[in-house]
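Chemist: sharing a model that was predicted from the sequence below.
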Amino acid sequence: MELDLEGKHRDRAYALLASLVTPRPIAWVTTLGPDGVVNAAPFSFFNVLGANPPIVGFCPGDREDGTPKDTARNVRLTHEFVVNLVDESVAEAMNQTAASLPYGVSELTVAGLTTAPSSVVKPPRIAESPASLECTEWGTLQIGGNRLIIGLVKRIHVRDEFFDPEKLRIRSEKLHLIGRMASPHWYCRTGDRFEMIRPD
């Protein structure tokens, strides 16, 4: 089967790609509005993009009326954000923050979540998240109707039990992050893993 995303199947691009390119990590992004209200929203069009310098990218789409979502608006104004990662223990709370609320209403309050201060950016971290990445905006690329926000990772916060201080490594076998699967409602757990040694 060949699907033409420039023609016949153009209007199915999101549903097809979101269900095919899986699993995807989830960026649970916190930003600050001009009124100081903390906004939190999950995005699964997200990944780490490089390590020198350390960068991540996520893509907040627009609302149905074409206006930017609160996250994109806040990053444009402040040039700062925090990517909080999502494990099984906060999956339901993350899902609650996906609701469309009026601008200026904090999703964290609605979901019963708390914040922790960041070190070098103003937006706080989500205290319940197992790990958070403090970021400053490197730049935003507008490609058609897509908006790719690229962030420079300034600090990583990770719970003690997920970090090996001697090897300076993440204990990924203990970190039970979830991934985004097929659109519209599917997710996966990441506990079922296997190892393959790369050839020399």
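Modeler: Cool, got the structure.
Chemist: where exactly do the strands run in this protein?
Modeler: Here the chain has its strands, by DSSP state E, at 27-32, 38-43, 46-51, 54-58, 80-84, 115-116, 125-126, 131-143, 146-158, 163-164, 169-170, 178-180, 187-189.
Chemist: could you dump those strands into JSON lines with mean neighbour count added?
Modeler: Every C-beta, even on glycine, is put in place using the N, C-alpha and C of the backbone. Shown next, in JSON lines, are the strands of the chain (neighbours: other Cβ atoms under 10 Å):
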{"stretch": "strand 27-32", "mean neighbour count": "27"}
{"stretch": "strand 38-43", "mean neighbour count": "23"}
{"stretch": "strand 46-51", "mean neighbour count": "13"}
{"stretch": "strand 54-58", "mean neighbour count": "20"}
{"stretch": "strand 80-84", "mean neighbour count": "27"}
{"stretch": "strand 115-116", "mean neighbour count": "16"}
{"stretch": "strand 125-126", "mean neighbour count": "25"}
{"stretch": "strand 131-143", "mean neighbour count": "17"}
{"stretch": "strand 146-158", "mean neighbour count": "17"}
{"stretch": "strand 163-164", "mean neighbour count": "13"}
{"stretch": "strand 169-170", "mean neighbour count": "12"}
{"stretch": "strand 178-180", "mean neighbour count": "19"}
{"stretch": "strand 187-189", "mean neighbour count": "16"}
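Chemist: check contacts around the residue nearest to L108 when sequence neighbours are not counted.
Modeler: Spatial nearest neighbour of L108, chain neighbours left out: A40 (5.1 Å); criterion: Cβ to Cβ, 6 or more residues apart in numbering. By Cβ atoms under 8 Å, 6 or more residues apart in numbering, the contact set of A40 is W28, V29, T30, N84, T97, S106, E107, L108, A111, L113, I126.
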